[in-house]
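In: Quick one: sequence plus predicted model below, questions after.
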Amino acid sequence: MQIWETSQLRSNCICPDENFFQCGCESLLAIQVMLYLRARLKIELPLRVLFEEVHTLGAFARKVEEALRAGASQSRPSLERAQRDQAPALSFAQRRLWFLEHLEPTVYNTPAAVRVVGMLDRNALQQSLNEIVRRHETLRTTFAMIDRQPVQRIAASLEIDIPLFDLSSVPSEKKDKELELFIRTEVRRPFNLETGPLLRAYLVQLDQQEHVLFAILHHIISDGWSVGLFITEMVPLYEAFLAGQPSPLPELPVQYADFAAWQNSWLQGPLLEQQIAYWSNKLKGPLPILDLPADSPRPDSMQGDGGLVAVSLPPELVQQLRLLGNREGCTMFMTLLGAFYVLMHYYVGQHDLVVGTDLANRSAAETEKLIGFFVNQVALRADLSGDPAFSQILARVRAIALEAYLHQDLPFDRVVEAVNPPRMRNRSPLFQVKFVLQNAPRPRLEMAGLHLSELELNSGTAKFDLLVNIFEQEGVLRMMWEYSSEIFRESTIKRMAECFLALAHSVAANPEQALHESVAHLRETETRLRQGEDQKRHHALREKLVQKTRK
């Protein structure tokens with residue numbers, strides 16, 4: 001099936017009777033399949049068909065044929081080039097961020113850094129960057145007020161310089177610290193939405209054959225998926241320009257401003273009201289506050305200072321969790337989120353839990369190749385009452401996630417407006433903790449004799465009490481625990497991450513263990529970890545005393 005191949009499911013051959021979740025199908029790929037059905041066949045099937053009603057390609061094909069015979073049609077118009085007779089309106093996501101910037105100016109920057117090893121041609125790199133800027137209107141966009149409404153201002157052309165920040169003369173043992181300081185400083189330097197540009201790029205030279213390409217985009221024109229696209233386009237462009245060839249990339253049929261016009265045209269009326277009604281009902285009543293045990297009193301106003309702890313789930317554990325998810329009809333995200341809910345329950349003692357996540361929200365196939373701000377936040381509310389087994393928790397999480405996927409188009413600010421929770425300057429609305437699996441397509445990291453590797457950036461900032469970002473790298477799941485350093489110590493988050501790893505091992509080995517058994521296991525794990533920390537502190541103290549006596 002051509003649609004299935006286009007969805008980027010990574011398998012050489014899929015038999016009609018083979019379970020496609022066992023072939024690596026995840027939430028994002030399942031959504032992409034539905035988008036291509038909409039784009040190619042002009043029909044729309046609910047996502048639950050893939051997760052609950054069919055599990056093989058053959059069964060899915062029969063569902064598609066039934067929909068075609070029944071004359072099922074898509075519920076939204078196709079994304080096409082919009083009229084440009086006036087300044088384009090903002091998308092819903094842009095409007096929310098524009099409002100937040102003007103209400104309380106904060107740094108909403110999206111950083112990305114790639115280490116480049118080899119003989120780098122700076123001219124080809126500069127040419128590649130500016131070709132990407134030419135291709136994507138959103139990178140040439142600023143924002144203005146017309147008739148009391150914010151609009152997009154798209155420049156006809158824009159040249160971005162890549163200044164060189166030379167660290168080659170810095171001693172080797174100090175280079176990493178200098179690089180981190182430079183990155184942290186630039187990430188926290190704000191943009192001006194009215195004057196722009198909303199993109200900065202730097203080349204940091206570590207030595208003659210090692211550089212770091214560092215870029216910062218304001219979130220109003222970018223998201224995590226866009227960063228991957230940026231690198232994906234940079235690779236073939238650099239190779240072509242280095243060889244004196246023209247750009248090999250096809251022109252984009254639509255731009256982000258066309259998406260904004262399309263979104264504003266169809267998300268209204270009964271469809272909008274239906275989405276509002278869903279979230280209002282899902283998040284009704286007093287919302288639980290996920291108040292994790294803190295090391296310091298919460299300030300009246302948070303400054304956004306943060307830290308980062310990175311841990312890895314080894315390939316053998318990842319495989320066990322994937323097999324567990326296959327048996328329970330869950331994706332890797334659902335399986336990991338189920339374990340995360342158990343962890344949060346252990347720390348706060350609540351059964352009613354709200355955790356946030358990000359959804360790509362690229363609800364038209366044409367948006368997959370566009371740089372822009374598409375991502376939408378959603379609040380996932382789970383009920384862990386009744387001492388359920390972990391397998392039962394997974395069933396609940398699957399239902400929660402599928403409903404969220406069906407209602408992900410409603411902008412987060414409209415959800416907040418509909419739910420109308422009490423506003424607090426020192427807490428984000430609806431949820432304080434986010435859990436995100438970053439499963440956007442990853443770029444190729446080799447080009448023209450150069451070796452590329454993405455850097456794990458510690459920007460020193462945090463928008464939430466806790467944000468867990470998960471990336472898959474060659475079978476390993478890398479978990480980045482970004483935390484508010486204003487209320488947590490690094491040791492606390494390290495212990496929390498280790499507890500999650502222990503829990504993942506436990507539920508993978510025995511998914512029928514009840515919630516109270518998982519809590520008991522976590523309590524034992526944390527006790528052991530605290531004892532280890534105490535022993536290390538006592539040992540370090542003894543070493544200091546010994547050093548003092550020797551002096």
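Out: Arrived safely.

In: Double-check that residue 191 belongs to a strand.
Out: No - read with DSSP: H, G, I helix; E, B strand; the rest coil, residue 191 is coil and lies in no strand.

In: Residue 218 is in contact with that one, correct?
Out: Yes - in this structure, residue 191 is within contact of residue 218 by C-beta atoms under 8 Å, at 4.6 Å. C-betas here are computed from N, CA, C, even on glycine.

In: And the two? Which one has more around it.
Out: Comparing residue 191 with residue 218 by other C-beta atoms under 10 Å, the one with more neighbours is residue 218, at 25 against 22.

In: what's the closest non-adjacent residue to the more buried one?
Out: residue 198 (4.1 Å; C-beta to C-beta, 6 or more residues apart in numbering).

In: on that earlier part again, okay, and the common contacts of residue 191 and residue 218?
Out: 109, 198 (C-beta atoms under 8 Å, 6 or more residues apart in numbering).

In: Break this protein down into its domains, please.
Out: Following automatic domain parsing, one finds the domains of the chain at 2-70, 92-257, 306-441+456-540.

In: measure the last one end to end?
Out: Yep, that's domain 306-441+456-540 we're talking about. 26 Å (C-alpha to C-alpha, to the nearest Å).

In: any low-confidence regions in the stretch 451-551 of the chain?
Out: 551 (pLDDT under 70).

In: which stretches of it form strands?
Out: 466-473, 476-484 (DSSP state E, counting those that start in this stretch).

In: again, but for the chain
Out: Applying DSSP state E to the chain gives strands spanning 109-117, 141-146, 149-154, 164-166, 199-207, 210-218, 306-313, 352-359, 376-383, 433-437, 446-447, 450-454, 466-473, 476-484.

In: could you give the angle of the third one to strand 141-146?
Out: With axes from the mean of the first three to the mean of the last three C-alpha atoms, to 10 degrees as the criterion, the two stretches strand 149-154 and strand 141-146 enclose an angle of 140 degrees.

In: Just list what strand 149-154 packs against, helices and strands only.
Out: Where contact means 3 or more C-beta pairs under 8 Å, 6 or more residues apart in numbering; DSSP states H and E, strand 149-154 is packed against helix 92-103, strand 141-146, helix 256-266.

In: Generate JSON lines for these, with mean neighbour count as supplementary columns.
Out: Shown next, in JSON lines, are the helices and strands packed on strand 149-154 (neighbours: other C-beta atoms under 10 Å):
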{"stretch": "helix 92-103", "mean neighbour count": "18"}
{"stretch": "strand 141-146", "mean neighbour count": "18"}
{"stretch": "helix 256-266", "mean neighbour count": "21"}
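
In: need those in a markdown table with distance to residue 526 and mean pLDDT, can you?
Out: Shown next, in a markdown table, are the helices and strands packed on strand 149-154 (distance: least, C-beta to C-beta, whole Å; pLDDT from 0 to 100):
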| stretch | distance to residue 526 | mean pLDDT |
| --- | --- | --- |
| helix 92-103 | 36 | 86 |
| strand 141-146 | 47 | 96 |
| helix 256-266 | 45 | 93 |
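
In: Distance to residue 393 added to the ones you listed, as CSV?
Out: Listed next are the helices and strands packed on strand 149-154 as CSV, based on distance: least, C-beta to C-beta, whole Å:
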stretch, distance to residue 393
helix 92-103, 31
strand 141-146, 43
helix 256-266, 34
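
In: Out of the ones you listed, which is closest to residue 418?
Out: Nearest to residue 418, of all the helices and strands packed on strand 149-154, is helix 92-103, at 13.6 Å by C-beta to C-beta.

In: which other helices and strands contact that closest one?
Out: strand 149-154, helix 256-266, helix 412-419.

In: Give me the residues contacting the last one.
Out: In this case it means helix 412-419. With C-beta under 8 Å, 6+ apart, helix 412-419 has contacts from 92, 95-96, 99, 276, 279-280, 283-284, 287, 376-379, 429-430.

In: How about the longest one?
Out: Here helix 256-266 makes contact (C-beta under 8 Å, 6+ apart) with 76-77, 79-84, 88-92, 94, 136-138, 141, 152, 154, 221, 364, 366-367, 370-374.

In: what about 6 Å?
Out: By C-beta atoms under 6 Å, 6 or more residues apart in numbering, the residues outside helix 256-266 that reach it are 76-77, 79, 81-82, 88-89, 91, 138, 152, 367, 370, 372.

In: Also stretch 351-362?
Out: 225, 287-288, 341, 344, 368, 374-382, 384-385, 408, 431, 433-436.

In: for the record, mean pLDDT for that stretch?
Out: Across stretch 351-362, the average pLDDT comes to 93.

In: ok, now stretch 298-318?
Out: 93.

In: what comes up buried for that stretch?
Out: Residues of stretch 298-318 classed as buried: 302, 304, 306, 307, 308, 309, 311, 313, 317, 318 (neighbour count, 16 or more other C-beta atoms under 10 Å).

In: try stretch 451-459
Out: 452, 454, 455, 457, 458, 459.

In: Please list all residues in contact with residue 300.
Out: Residue 300 neighbours (C-beta under 6 Å, 6+ apart): residue 426.

In: I'd like the distance between it and residue 159.
Out: 44 Å (C-beta to C-beta, to the nearest Å).

In: and if you look at residue 425?
Out: 40 Å.

In: rewinding a little: show me how to select, in ChimeraX, the buried members of the contacts of stretch 351-362.
Out: For the buried members of the contacts of stretch 351-362, the matching ChimeraX selection, counting by 16+ other C-beta under 10 Å, is:
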select :225,287,341,344,368,374,375,376,377,378,379,380,381,382,384,408,431,433,434,435,436
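
In: Give the closest residue to the residue nearest to the spatial centre of the chain in space, chain neighbours not counted.
Out: Geometric centre of the chain, nearest residue: residue 438, 4.5 Å, by C-alpha atoms, centre = their mean. In this structure, residue 438 finds its nearest non-sequential neighbour in residue 471, 5.1 Å apart by C-beta to C-beta, 6+ apart.

In: how many other residues sit next to that neighbour?
Out: Residue 471, neighbours per other C-beta under 10 Å, totals 20.

In: from what I can see it touches residue 478, true?
Out: Yes - look at residue 471 against residue 478 with C-beta atoms under 6 Å: they come within range, at 4.7 Å.
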